[in-house]
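[1] show me how the following folds:
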Amino acid sequence: MCAFAVQPVLAKQTVHLVHPSWEETLHIENNRFCRNTPNKDCANVTFNKDQLIVKWDKWPQEIFIRQKDGHYVLSLHLVHPSWEDTVNIKNNRFCRNTSDKDCASVTANNDQLTVKWDKWPQEIFIRQKDGRYVSDKNVKDPIEEKYASFGYSLQEPMIVLNPYNKTPLAALIKFPTEKKARITLTVHGKNGAPDISHTFPSFETEHSLPVLGLYANDETTVTMTAEFEDKSKEKSTVKIKTGSVNTTSEWIVLKKTDKAFYYYADYMGNVFDEKGFLRYAFIDNGWHHVYYFKDKAFVEHPNQIDRYSLLGKHEMKYNYPPDFYTYIHGMGQKPNGNLLVFGSFNNTNADFDGQSLPTHRDFILEFDYETGRELARYDLAEMLNPNRSLIVKSTQKDFDKIDWAHTNGISYDAQHQAIVVSGRHFGIAKIDEKTKKLMWWFTPHQKVDKSGRNGKNGSLTDKMLTVVDKKGRPYGKGVQEGIESVHDFKWPLKTHNVLYAGNGVYSVFDNSGELFDKKLKTSDNSFAAVYKIDDKNKTVRQIFKKDLKLYAETGSIVYVHPNQKEIWVEADDVLSKHNISLKNSYFTRFDKNGNTLYSVILPHIHCYAVLPFKFYHENIFYPL
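    Prediction:
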């Protein structure tokens with residue numbers, strides 16, 4: 001009996017714990033440890049033979065099992081309708097102690113465990129208060145309970161507005177059909193707006209349809225057309241009434257000269273149509289930005305990212321590694337779905353004139369779309385020269401740390417497998433994701449004789465882009481250094497939100513304004529620009545520039561439409577010449593000659609960026 005008694009941990013000890021959503025070496029002192037996370041997740045611990053029992057202060061107790069390599073892996077108790085078992089998770093996999101050795105890969109996401117069986121369909125297990133994980137087949141879904149209790153049909157479907165309390169202008173429609181059918185859903189537009197229509201391609205007898213694009217505080221007509229395999233059809237029309245939406249955004253149309261009709265999403269999660277009506281909103285608490293990538297909503301918080309369906313159902317939590325945090329300044333997505341996020345690590349310093357000082361906003365992380373695990377890390381301070389004092393004084397502080405980079409935009413070049421990143425204080429850089437080496441740096445040719453956090457990584461002279469004219473001829477030294485101006489090129493000096501449009505075309509917003517080096521040619525007004533960059537020859541020429549005759553203090557973005565005939569510009573936090581406390585945002589569609597096609601004002605709003613949005617289509621912001 002004594003051999004099995006729970007024993008206290010030694011006064012001081014180090015253990016390595018492996019959890020499905022994190023892995024960390026922890027220092028135990030007086031039977032306690034705290035993870036190196038922003039919230040300092042702490043626990044009391046005891047040993048029981050090869051078990052480490054962790055009693056979290058905030059979470060249910062967990063048990064970790066000692067492996068041959070000395071690491072402790074999480075042990076979970078799973079409850080399924082047809083079995084109950086305790087399994088040990090290692091390398092995000094487990095095998096049940098059955099004759100067939102049923103094995104699976106697992107990912108943990110908040111209180112949800114996703115189990116991808118090798119032989120069987122995927123299943124979800126939900127964490128209970130007692131620490132067990134119970135199959136969602138055992139958990140009653142109120143929507144499914146309601147659906148099962150009534151005889152719904154195409155003519156009388158079940159309609160659930162805002163099913164997960166995140167999307168007040170979206171609804172779920174469910175109904176069965178006696179024969180297999182594919183459904184075309186049409187959300188009817190108003191005030192001259194076109195209908196939003198989508199055909200769900202599969203022939204099914206059970207139909208669960210997301211309804212997107214409803215009008216706020218209004219009644220929207222929705223038509224469902226069922227097409228059966230014998231080509232016969234049946235229609236049903238319903239009306240869905242919504243309430244008001246608590247959003248500070250307002251989209252006031254100033255000018256429209258063409259017949260095109262688009263939908264626009266801001267980083268607060270609001271989607272407006274070209275008539276100025278709110279058609280979708282994602283509601284979340286706290287400081288955050290919302291990004292619509294493909295057919296999902298990603299909500300960025302300082303310490304994590306959450307992925308949701310467009311109906312608002314939570315699907316995945318991406319936990320940042322210990323000591324990493326962001327300032328909600330943007331993220332990107334690769335074609336494989338993986339996320340690119342920039343932010344800061346605590347306890348990372350760089351040398352500034354002999355002083356080792358903490359820096360921030362100078363890392364890029366890649367997270368796996370499916371598992372949430374960190375796949376790659378890029379240190380911009382190792383690639384560039386932090387101690388430059390050109391755009392700003394390098395030791396300028398923000399939140400008590402050196403803000404030499406101020407990353408604010410990220411894009412992806414799939415053809416060359418490269419990451420493009422912009423920073424308000426360093427310009428634009430392109431990074432080879434395989435080698436993690438700098439491909440080029442788009443910034444004036446000054447103070448690039450060294451690189452790295454300690455300034456010892458070598459010169460970047462061969463990485464600088466050479467400015468050329470329309471005929472490909474290089475300009476002189478003064479232009480290359482940014483101290484002389486020419487009529488057909490302007491350096492983007494306080495850059496914001498770079499986007500790669502394919503074929504060597506890059507768009508960027510320049511907030512402009514005061515610079516540290518007074519010799520640099522700048523302006524009081526912000527401008528939107530598009531550049532053509534030759535990766536091989538490392539040359540750059542300007543192919544579009546629009547002086548906005550205003551100063552956008554923060555945020556802002558330039559988007560080149562795939563038709564290559566339009567440039568969309570959002571200017572954020574525009575300072576009024578008459579009242580500097582009155583800040584508005586503006587959005588404009590220009591043709592390639594700079595003529596206005598469409599413009600709106602967002603009064604007293606900081607929306608950071610505006611991008612196109614498509615209902616029932618993948619929202620993609622990288623060239624295919």
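
[2] if you count neighbours, what's buried in the longest helix seen in the chain?
    Determined from DSSP state H, the single longest helix within the chain is helix 142-149. In terms of neighbour count (16 or more other C-beta atoms under 10 Å), helix 142-149 has its buried residues at residue 147. The C-beta positions use only the backbone N, C-alpha and C, and glycine is treated the same way.

[3] helix or strand next in line after that helix, which one?
    strand 158-161 (DSSP states H and E).

[4] what's in contact with that next one?
    Strand 158-161 has contacts (C-beta atoms under 8 Å, 6 or more residues apart in numbering) with 143, 146-147, 150, 152, 168, 170-175, 211, 238, 240-242.

[5] leaving aside the residues next to it on the chain, what's closest to residue 120?
    Nearest non-adjacent residue to residue 120, counting by C-beta to C-beta, 6 or more residues apart in numbering: residue 102, 7.5 Å away.

[6] what about the one you found, how many neighbours?
    Neighbour count of residue 102, defined by other C-beta atoms under 10 Å: 17.

[7] ditto for the one 3 residues further on
    The criterion is other C-beta under 10 Å. On that basis, residue 105 has 18 neighbouring residues.

[8] so what pLDDT did it get?
    With respect to pLDDT, residue 105 has a value of 90.

[9] and the nearest residue to it once chain neighbours are set aside, what does it touch?
    Excluding the flanking residues, the one nearest residue 105 by C-beta to C-beta, 6+ apart is residue 116, at 4.6 Å. Residue 116 sits next to 104-107, 122 when contact means C-beta under 8 Å, 6+ apart.

[10] ok, now residue 327?
    302, 343-344, 360-361, 399.

[11] let me know the secondary structure of it.
    Under DSSP: H, G, I helix; E, B strand; the rest coil, residue 327 falls in the coil class.

[12] for it, give me the pLDDT.
    pLDDT recorded at residue 327 is 83.

[13] next: residue 265.
    pLDDT, residue 265: 94.

[14] try residue 91
    With respect to pLDDT, residue 91 has a value of 80.

[15] what ranges does the stretch 251-400 of the chain have for its helices?
    Applying DSSP state H, counting those that start in this stretch to the stretch 251-400 of the chain gives helices spanning 380-383.

[16] low-confidence bits of this structure, can you list those?
    1-11, 38-39, 110, 575-582, 622-624 (pLDDT under 70).

[17] tell me how it divides into domains.
    What the record gives for the chain is the domain set 2-135, 142-241, from automatic domain parsing.

[18] are any of the contacts of residue 116 buried, and which?
    Buried, going by 16+ other C-beta under 10 Å: 104-107, out of the contacts of residue 116.

[19] so which of the contacts of strand 158-161 sit within strands?
    170-175, 211, 238, 240-241 (DSSP state E).

[20] between the contacts of residue 116, which sits nearest residue 326?
    If you rank the contacts of residue 116 by distance to residue 326 using C-beta to C-beta, residue 107 comes first, at 21.7 Å.

[21] in stretch 307-314, what's buried?
    In stretch 307-314, counting by 16+ other C-beta under 10 Å, buried: 307-312.
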